[in-house]
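>>> Just a sequence and a predicted model for now, questions to come.
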Amino acid sequence: MRLFALIFALLTGANAALSPEQVSKLPPPVAREVDFTKDIQPLLEASCVKCHAKGKAKGDFSIETRELFLKGGENGATAVVGKSAESYVVELVAGVDPDNVMPKKGSHWTAEQVGLLRAWIDQGLKWPQGVTFAKPEPQNLKPTTVVLPDSSEPHPLDRFLANYAKAGHAELPPPVGDREFARRVYLDVLGLLPTPEQLETFASDSAADKRAALVRSLLADRRDYADHWLNFWNDLLRNDYKGTGFIDGGRRQITGWLYQSLIENKPYDRFVAELVSPRDETSEPFTRGIIWRGVVNASMLPPMQAAQNISQVFLGVNLKCASCHDSFVNDWKLTDLLVSLAKSDTFRYQKVKP
């Protein structure tokens with residue numbers, strides 16, 4: 001009967017209780033109150049999250065919440081509240097079985113770290129409400145209402161900077177002088193330095209609102225503004241690309257549409273909409289991508305290129321890694337990109353043969 005029970009336990013993956021000798025060899029619990037945020041959370045993030053959180057649950061075990069942590073995985077319950085010596089997770093990180101030590105990759109836990117985990121379990125496995133290791137929703141894909149911080153600073157940006165400086169025990173520098181301000185504004189808006197005469201005229205002006213007036217006057221110079229900012233948008237939209245896409249009748253430059261949009265001071269929402277969901281041939285070549293010759297992988301298909309470029313430029317999201325494999329620099333996975341692309345009706349141009 002005992003032999004049958006042992007075989008059943010091995011086949012089903014059930015956890016067997018440690019022997020008194022094995023328990024005696026476990027690192028003892030630390031003799032102090034354990035704080036989850038300071039002591040336990042960093043350990044879990046460093047050793048466990050990669051395989052057992054943010055949508056992953058190797059061995060059917062997830063630590064995204066306290067409930068899931070206690071539920072355990074395919075080998076049964078992971079922890080027994082108040083009884084660390086009977087908790088399977090302690091056995092794993094302590095290396096009781098040299099052939100089954102967690103984490104599988106990376107540094108093994110020290111005796112002190114195991115003692116922290118034991119004390120945390122013995123003290124009730126306290127888990128602050130709201131703490132989760134689940135994959136966060138991408139905030140940059142949702143509309144956000146920006147609330148200005150309370151501050152005496154008149155400019156909205158200075159309000160954020162003032163609080164940042166206060167938190168860092170630093171002082172904001174005083175505003176620059178008129179000449180420095182004028183040079184910076186000219187370079188930002190037009191990409192050109194002011195002439196000596198323009199600089200002197202501005203510096204000698206005594207009007208209280210002369211800085212705002214200068215900005216408005218430079219923005220009204222549509223020709224120089226468009227000439228300057230066309231360079232930046234060409235880079236962002238890869239509009240200067242020259243390759244097989246043009247030979248094969250695929251992607252074309254959108255210089256005319258782009259320059260005219262800047263000249264007209266087209267509203268930003270219309271500017272983006274005409275790029276992402278083109279209605280005519282003037283801006284459509286951007287979303288056509290580049291038609292490569294021969295057999296290519298999925299990351300080179302025109303819809304994928306368009307998704308990569310649009311997400312990078314307008315959403316601040318890097319999908320280029322996820323177009324071939326799960327990204328190593330963020331939480332985006334290949335399946336995320338493929339599913340979102342399949343659901344989108346933006347890329348109707350796919351039906352158009354080059």
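Thanks, I have the structure now. Residues are numbered from 1 along each chain as shown.
>>> now stretch 100-109, how far from the chain's geometric center?
27 Å (CA atoms, centre = their mean, to the nearest Å).
>>> Run through the helices of the stretch 101-250 of the chain in chain order.
111-122, 156-167, 178-189, 196-204, 210-219, 222-236, 244-247 (DSSP state H, counting those that start in this stretch).
>>> If we go by neighbour counts, what in the third one is buried?
Of the residues in helix 178-189, those buried by neighbour count under the rule 16 or more other CB atoms under 10 Å are Asp178, Phe181, Ala182, Val185, Tyr186, Val189. Glycine gets a C-beta too; all of them are placed from N, C-alpha and C.
>>> Excluding chain neighbours, what is closest to Trp127?
Spatial nearest neighbour of Trp127, chain neighbours left out: Arg66 (3.8 Å); criterion: CB to CB, 6 or more residues apart in numbering.
>>> what does the domain assignment say about this structure?
Domain assignment for the chain by automatic domain parsing gives 17-122, 139-174, 178-220, 241-351.
>>> now the shortest one, how far from the chain's geometric center?
What it means is domain 139-174. Offset of domain 139-174 from its chain centre (CA atoms, centre = their mean): 22 Å.
>>> Please apply the same query to the first one.
Averaging C-alpha positions (CA atoms, centre = their mean) puts domain 17-122 28 Å from its chain's average.
>>> Let's see the pLDDT reported for Ile247.
Note for Ile247: predicted pLDDT of 48.
>>> The residue nearest to Trp127 contacts Gln129, correct?
No. Using CB atoms under 8 Å, Arg66 makes no contact with Gln129, being 9.2 Å away.
>>> which stretches of the stretch 101-250 of the chain have low pLDDT?
Scanning the stretch 101-250 of the chain for pLDDT under 70 picks out 138-141, 240-250.
>>> again, only using 50
Low-confidence segments of the stretch 101-250 of the chain (pLDDT under 50): 245-247.
>>> now Ser261: how far from Ser206?
Ser261 sits 38 Å away from Ser206, going by CB to CB, to the nearest Å.
>>> And for Val317?
Going from Val317 to Ser206 by CB to CB gives 47 Å.
>>> So these two - more neighbours on which side?
Taking neighbours as other CB atoms under 10 Å, Val317 and Ser206 compare with Val317 leading, 18 against 5.
>>> Let me know the pLDDT of that one.
Per-residue pLDDT puts Val317 at 80.
>>> related to what we said a few turns ago, looking at Arg66 and Gln129, which one has more neighbours?
Between Arg66 and Gln129, counted using other CB under 10 Å, the more crowded position is Arg66 (18 against 6).
>>> Please tell me the pLDDT value assigned to the more buried one.
For Arg66, pLDDT reads 95.
>>> still on that earlier bit, how about the domains of the chain, which one is nearest Asn231?
Closest to Asn231 of these, according to CB to CB: domain 178-220, at 7.7 Å.
>>> Mean neighbour count, the helices of the stretch 101-250 of the chain: which tops it?
Mean neighbour count (mean count of other CB atoms under 10 Å) peaks for helix 111-122 among the helices of the stretch 101-250 of the chain, with a mean of 20.
>>> what packs against that one?
The helices and strands touching helix 111-122, judged by 3 or more CB pairs under 8 Å, 6 or more residues apart in numbering; DSSP states H and E, are helix 41-47, helix 88-94.
>>> helices or strands up against the last one?
Translated: helix 88-94. Counting contacts by 3+ CB pairs under 8 Å, 6+ apart, helix 88-94 is packed against helix 111-122.
>>> cool, the first one as well?
Packed against helix 41-47 by the contact rule (3+ CB pairs under 8 Å, 6+ apart) you find helix 111-122.
>>> what's the helix it packs on in contact with?
Residues outside helix 111-122 that contact it (CB atoms under 8 Å, 6 or more residues apart in numbering): 26-32, 34, 36, 39-40, 43, 79-85, 87, 89-90, 93-94, 109, 126.
>>> just stretch 233-242 next, same as before
Here stretch 233-242 makes contact (CB under 8 Å, 6+ apart) with Arg251, Gln253, Ile254, Thr255, Leu258, Leu262, Leu275, Phe286, Ile290, Asn309, Val313.
>>> how much space between the fifth one and Leu190?
When you say that, I think you mean Leu258. Counting by CB to CB - Leu258 and Leu190 are separated by 17 Å.
>>> ok, Ala31 - contacts?
Ala31 makes contact with Ala119, according to CB under 8 Å, 6+ apart.
>>> so what's the backbone phi/psi at it?
phi -90, psi 60 (degrees, to the nearest 10).
>>> what separates the closest residue to Asp331 other than its chain neighbours from Glu64, distance-wise?
Distance criterion CB to CB, 6+ apart; nearest residue to Asp331, sequence neighbours excluded, is Lys135 at 5.6 Å. Using CB to CB, Lys135 is found at 8 Å from Glu64.
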